[in-house]
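**Q** fold the following, please.
(chains A and B)
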Amino acid sequence: MPSRRLMLQCALPLLWTVVAQAESGPSQDTWTGLKPMFFGDRTIDEAPGYVALEAPKRAEDAALVPIDLKFPRRETGDRVVAATVIVDENPSPLATTLRRGALDGAFDFGLRLRVNSYSYVRVIAETETGALHMAKAFVKAAGGCSAPASKDPEEATANLGKMKFRSFAGQGMAEAQAMIRHPNYSGMQMDQITRLYTPAWYVTQVAVRQGDRLLFSLENGISLSEDPTFRFTYAANGQPVRIEAKDSKGADYAQTFSADGAAY
Amino acid sequence: MRAGFTGALLFRLTLAAGAAPAEPPSYRLDDYQAPVPATLNGRPALTVAEARALWEGKQALFLDVLPHPPRPEGLMAGTVFMEKPHLSIAGAIWLPEVGRGELAATTETYFRQSLAALTGGDKSRKIVIFCKRDCWMSWNAARRAQGYGYTSVLWYADGIEGWREAGLPTQDIKPYGS
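**A** Predicted coordinates for the structure are as follows:
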């Protein structure tokens, strides 16, 4: 453990140089201003091996930008327990804070975000020791926070809180997908009828459990896409899967599925 | 006959190559960031030089109509919501949202009352309306102000981009009345 620490510290200056050279393009100014708001004066490095972030360079739909987080397996004591996703240029930059359930093994997590203007999307992983490690990607997308809802309010209300759970074991992938039907209004979308901004109304908390065991939980801001959907590492073990969610108006939603997701 | 055909073809080619679109009969309702007409009610848009002369002579009220979602209602307590700085023409007044194709009654009232206050009720006051380059919201807002009976509404279509490219003074401004 001490030797790894030492190695990391030695590797850091070199890493910064490489990163700085590779990014003469997009500005880091926004992050420089945001970092103290969310992490105070804590040190955040970009040491590899803790979390990787995959995002499209240019998004087809700024209101539905797919982001994949990959947490490789790490030794006990140095595992990632939580990860915060930030979209620098979104007016409300904190998209979500993910907490992992079991920490052993690798964990992949995919989500869909609103991106309001060309922006860095970054993930800051926190380990068991409280160390912070970051990965980031620059995404060209604009208007995601203000894009009109794809469904009219009646349709959104009729399906509010309905959930889906699907295992991809049949396709040979140890993954599953959870979806919560919710308009997830950002508060920045113009109502096409009233011509006023629709107030924010969004899923603030999510927890997904396999039996009694937590797979992951989330605390969200307004930057998740409509009908929040998550794809994650999953291996069926016969236990039912329960999805719980709470929204910004305090409403609770929950649904339980069979292990293979066949129940819906 | 042949010359006529060639002429028509050339005309079409010119249009396709990016000539300004014709003025629509009423407000533009969506897709605001797109090529704009050369005129408003037949009157050519102000050039940067013309806008500059009015600005330097302090002869006109400059109104920026870029939209601006305020901090949303319904956010959880403690949510970080950053107000981005808005760089505009120095001394301009920012009236967000008034250039959309259709306005909520409250927005319409805001536009009418702001105009009345800013002009001191003088409907012949020179008013220059702008937002971004190729943004129909300034065209809509200028047309709307004319509809309210203001007689010297000028449309500066090249927007803040044209102003900045000319190296003219800018300023970080906040929405009027906020």
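
**Q** only C-alpha atoms for contact and neighbour calcs from this point on.
**A** OK.

**Q** point out where chain A drops to low pLDDT.
**A** Regions of chain A meeting the criterion pLDDT under 70 cover residues A:1-25, A:262-264.

**Q** get me the contact residues on it for chain B.
**A** The interface of chain A toward chain B, taken as Cα under 8 Å from any Cα of the partner chain, is made up of A:91-94, A:186-188, A:194-197, A:199-201, A:221, A:248-249.

**Q** what residue in the stretch 1-150 of chain A comes nearest to chain B?
**A** Distances between the stretch 1-150 of chain A and chain B by Cα to the nearest Cα are smallest at A:S92, namely 4.4 Å.

**Q** pretty sure that residue sits against B:M82.
**A** Yes: with the criterion set as Cα atoms under 8 Å, A:S92 and B:M82 qualify as a contacting pair; they are 6.3 Å apart.

**Q** hmm, back to that, can you classify the residue of the stretch 1-150 of chain A closest to chain B as helix, strand or coil?
**A** Judged by DSSP: H, G, I helix; E, B strand; the rest coil, the three-state class of A:S92 is coil.

**Q** and it, how many neighbours?
**A** 23 (other Cα atoms under 10 Å in any protein chain shown).

**Q** contacts only, for it.
**A** Residues counted as contacts of A:S92 (Cα atoms under 8 Å, 6 or more residues apart in numbering or on different chains) are A:221-223, B:79-82.

**Q** A:T194 - how many residues pack around it?
**A** Other residues near A:T194 number 12, with proximity taken as other Cα under 10 Å.

**Q** that one: which element?
**A** When elements are defined using DSSP states H and E, A:T194 is found to belong to no helix and no strand.

**Q** not counting its neighbours along the chain, what's nearest it?
**A** Leaving out its chain neighbours, the residue that sits closest to A:T194 by Cα to Cα, 6 or more residues apart in numbering or on different chains is B:A104, at 6.0 Å.

**Q** give me the number of residues near that neighbour?
**A** Using other Cα under 10 Å, B:A104 is surrounded by 16 other residues.

**Q** which bits of chain B sit near chain A?
**A** Within reach of chain A by Cα under 8 Å from any Cα, chain B has these residues: B:69-76, B:79-84, B:102-104.

**Q** from chain A, how far off is the spatially most central residue of chain B?
**A** When Cα atoms, centre = their mean is applied to chain B, the residue found nearest the centroid is B:S138 (1.8 Å). Taking Cα to the nearest Cα, to the nearest Å as the measure, B:S138 falls 17 Å from chain A.

**Q** ok, that residue touching B:R144?
**A** No: in terms of Cα under 8 Å, B:S138 does not count as a neighbour of B:R144; the distance is 9.7 Å.

**Q** measure stretch B:119-133 end to end?
**A** Using Cα to Cα, to the nearest Å, the gap from the first to the last residue of stretch B:119-133 comes to 25 Å.
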